[in-house]
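Asks: only the shape, not the letters, is given here:
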């Protein structure tokens, strides 16, 4: 058997122990480079090529043991902590909505939410076992196509509840609300390419930042603007450009957002900022919702008013103020436990980011943290008057088929990135 065939046979035995075939080419290249270096060293020391090959193989060790070790190092891993917390959040949401269903006799509430959970679970599983890194190839296309569809929605969309929906027949889509998620995924890929090529600059970053921000501001969906700006800033910081670039970009963003607030903000939007600080200045008008939310929380006994209790003083209990209703029926202890559960989930996200070596995956996770936890904590904080009331859906708890599917897709992407953190392509040996 020739030396090359002996090495190829050894590598084949090693790869035979590694179930994940995606890493076989990278491991093959790594081992071939390692053998080439070792054999060259021994030949320079005076050994013949066949002797150098034999010694190099012997030093490497038993191929079965080496393969089993590499299998453990590169096999996919699930973040079961995130899975269990998400499952708990979904269960809490269903119980809360079922209580609201009893109180309001709203038959479609649970059925539609269960439909969203089932579809979302299918989407989560599909994303979980897909190679997320392939998304990176379509980053620019996703960015510009999202921009075009957003513009079309603003110009030709169907108005519903003061927001333009993408009209595709009998099922209008809240594309404005979805667009920050799409932009974040696209920009994570764009930024990762810049970082790899050392071409990150403040001008290019701001050129990508401005068009979506302006369109979202025209759409008068302030929370979508907040999500987009927050996600973009998170990506900029996570990309770790030079400090002057970060500071310069943040200064430009603050100036841009301030200018848009001055030019485009409606009086009622500014009133939210003013009266949430002291809602009793206008208790029957702009401060009414905040006061009623506080009263609902205060009126709950230690363990709440009970399952199925009715609350008629707040609007949109199934979505915007579902946390207030949760506290009202289950009590502040359950509300505090729910908040702690969210904090633990966020810590699991941060832990996952530290474990991911892939630049693109790390950027995606950074953006996902903002996209998920901004509405999560905003929903809780606005219930107790810490932030202005706004139309926002509490993830996995608030009612909404599209939002539920979107949140499940987001979790599928997060779990996918963590699952593949140890199977990224190996670097070529130097």
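Replies: It's in. What you are looking at is a predicted structure, and each value in this text was computed from that prediction instead of being measured.
Asks: which residues in the stretch 101-250 of the chain form strands?
Replies: For the stretch 101-250 of the chain, the strands defined by DSSP state E, counting those that start in this stretch cover 158-160, 163-165.
Asks: what mean pLDDT does stretch 140-159 get?
Replies: For stretch 140-159, the mean pLDDT works out to 93.
Asks: buried set for that stretch?
Replies: For stretch 140-159, burial by neighbour count (16 or more other CB atoms under 10 Å) applies to 142-143, 146-147, 149-150, 153-154, 157. (C-beta placed from N, C-alpha, C; glycine too.)
Asks: out of the strands of the stretch 101-250 of the chain, which comes closest to residue 72?
Replies: Closest of the strands of the stretch 101-250 of the chain to residue 72 is strand 163-165, at 49.2 Å (criterion: CB to CB).
Asks: circling back: tell me which of the strands of the stretch 101-250 of the chain lies nearest to residue 42.
Replies: With CB to CB as the yardstick, what comes closest out of those is strand 163-165 (70.1 Å).
Asks: ranges for the helices of the stretch 251-400 of the chain?
Replies: Here the stretch 251-400 of the chain has its helices, by DSSP state H, counting those that start in this stretch, at 267-275, 288-299, 322-330, 332-355, 359-383.
Asks: which of these has the lowest mean pLDDT?
Replies: Looking at the helices of the stretch 251-400 of the chain, the bottom one is helix 267-275 with a mean of 73.
Asks: quick one: that one to helix 359-383, angle?
Replies: Inter-element angle recorded for helix 267-275 and helix 359-383: 70 degrees (by axes from the mean of the first three to the mean of the last three CA atoms, to 10 degrees).
Asks: how far off centre is helix 267-275?
Replies: 30 Å (CA atoms, centre = their mean, to the nearest Å).
Asks: give me the helices and strands touching it, please.
Replies: Helices and strands touching helix 267-275, by 3 or more CB pairs under 8 Å, 6 or more residues apart in numbering; DSSP states H and E: there are none.
Asks: can you give me the buried ones in that helix?
Replies: 272, 275.
Asks: and if you look at stretch 251-269?
Replies: Within stretch 251-269, the residues that qualify as buried are 252-253, 256, 260, counting by 16+ other CB under 10 Å.
Asks: what of stretch 285-296?
Replies: For stretch 285-296, using 16+ other CB under 10 Å, the buried residues are 286-293, 296.
Asks: hmm, back to that, need the helices of the stretch 251-400 of the chain in a markdown table (columns: distance to residue 138).
Replies: Formatted as a markdown table, the helices of the stretch 251-400 of the chain follow (distance: least, CB to CB, whole Å):
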| stretch | distance to residue 138 |
| --- | --- |
| helix 267-275 | 35 |
| helix 288-299 | 41 |
| helix 322-330 | 35 |
| helix 332-355 | 23 |
| helix 359-383 | 12 |
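Asks: JSON lines for the buried residues of stretch 251-269, including distance to residue 192 and pLDDT?
Replies: Formatted as JSON lines, those follow (distance: CB to CB, whole Å; pLDDT from 0 to 100):
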{"residue": "252", "distance to residue 192": "22", "pLDDT": "84"}
{"residue": "253", "distance to residue 192": "20", "pLDDT": "85"}
{"residue": "256", "distance to residue 192": "24", "pLDDT": "83"}
{"residue": "260", "distance to residue 192": "28", "pLDDT": "77"}
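Asks: which among these gets closest to residue 184?
Replies: Nearest to residue 184 among the buried residues of stretch 251-269, counting by CB to CB, is residue 253 at 15.1 Å.
Asks: mind listing what the closest one touches?
Replies: Listed by CB atoms under 8 Å, 6 or more residues apart in numbering, the contact partners of residue 253 are 206, 209, 229, 232-233.
Asks: again, 7 Å this time
Replies: Taking CB atoms under 7 Å, 6 or more residues apart in numbering, we find residue 253 in contact with 209, 229, 233.
Asks: for those residues, which one is nearest residue 122?
Replies: residue 229 (31.6 Å).
Asks: hmm, the closest one is touching residue 258, no?
Replies: No: using CB atoms under 7 Å, residue 229 makes no contact with residue 258, being 11.6 Å away.
Asks: can I assume residue 416 is in contact with residue 134?
Replies: No: using CB under 7 Å, residue 416 is not in contact with residue 134, being 11.0 Å away.
Asks: those two: which has the busier surroundings?
Replies: Ranked by neighbour count (other CB atoms under 10 Å), residue 416 and residue 134 place residue 416 first, with 23 against 8.
Asks: tell me, what residue is most central in this structure?
Replies: residue 368 (2.2 Å; CA atoms, centre = their mean).
Asks: so the chain: which segments form each domain?
Replies: Using automatic domain parsing, the domain parsing of the chain gives 3-74, 80-419.
Asks: tell me which of these sits most buried.
Replies: domain 80-419 (a mean of 18; mean count of other CB atoms under 10 Å).
Asks: distance between the ends of that domain?
Replies: In terms of CA to CA, to the nearest Å, the two terminal residues of domain 80-419 are separated by 10 Å.
Asks: any low-confidence regions in this protein?
Replies: For the chain, the stretches with pLDDT under 70 are 1, 106-107, 170, 196-200, 269, 422-430.
Asks: can you tell me how far the most far-flung residue of it relative to its centre is from residue 54?
Replies: Among the C-alpha atoms of the chain, the one most distant from their mean position (CA atoms, centre = their mean) is that of residue 46, at 56.9 Å. Plainly put, residue 46 is 15 Å away from residue 54 if you go by CB to CB, to the nearest Å.
Asks: residue contacts, the residue lying closest to residue 283 once chain neighbours are set aside?
Replies: Leaving out its chain neighbours, the residue that sits closest to residue 283 by CB to CB, 6 or more residues apart in numbering is residue 291, at 5.7 Å. Residues in contact with residue 291, defined by CB under 7 Å, 6+ apart, are 279-280, 283.
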